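Colleague: this is a predicted model, with the sequence first.
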Amino acid sequence: MGAQPLSLAVTSGADDQEFKILYAGKIDQTPIQSSIAIANQRLFIRTAQNLYAVGK
């Protein structure tokens, strides 16, 4: 069974009338090595080879 790419979507907060997609993308490197962490208004995603930060 091959590894699947990670699809990632960041949406607006619940205060809005409807959710809006603020960011959408894929990370082709797998496996994800840990839970996604949140710090300094960024999402941190660690794979076997890289650390990704998603934010403004």
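Modeller: Perfect, thanks for sending it.
Colleague: any idea which element the residue nearest to the spatial centre of the chain lies in?
Modeller: Nearest to the geometric centre of the chain sits residue 8, at 4.5 Å (Cα atoms, centre = their mean). Assigned by DSSP states H and E, residue 8 belongs to strand 6-11.
Colleague: list the buried residues of that strand.
Modeller: residue 6 (16 or more other Cβ atoms under 10 Å). Placement of C-beta: from N, CA and C, glycine included.
Colleague: pLDDT on that strand, on average?
Modeller: In this model, strand 6-11 has a mean pLDDT of 77.
Colleague: for this structure, what spans make up the strands?
Modeller: 6-11, 21-27, 37-39, 42-46, 51-55 (DSSP state E).
Colleague: of these, flag the one that's most buried.
Modeller: strand 42-46 (a mean of 16; mean count of other Cβ atoms under 10 Å).
Colleague: and the contacts of stretch 42-56?
Modeller: Taking contacts as Cβ atoms under 8 Å, 6 or more residues apart in numbering, the residues outside stretch 42-56 that touch it are 6, 8, 10, 23, 25, 27, 29-34, 36-38, 40-41.
Colleague: how close does residue 43 get to residue 9?
Modeller: Plainly put, residue 43 is 11 Å away from residue 9 if you go by Cβ to Cβ, to the nearest Å.
Colleague: same question for residue 39.
Modeller: With Cβ to Cβ as the criterion, residue 39 and residue 9 are 19 Å apart.
Colleague: ok, now residue 45?
Modeller: 13 Å.
Colleague: one step back: quickly list what the residue nearest to the centre of the chain is bridged to.
Modeller: Beta-bridge pairing for residue 8 (DSSP bridges): residue 25.
Colleague: in this structure, which segments are predicted with low confidence?
Modeller: Low-confidence segments of the chain (pLDDT under 70): 1-5, 14-16, 30.
Colleague: residue 10 is in contact with residue 20, isn't it?
Modeller: No. Using Cβ atoms under 8 Å, residue 10 is not in contact with residue 20, being 9.9 Å away.
Colleague: residue 35: neighbouring residues, count only.
Modeller: The criterion is other Cβ atoms under 10 Å. On that basis, residue 35 has 9 neighbouring residues.
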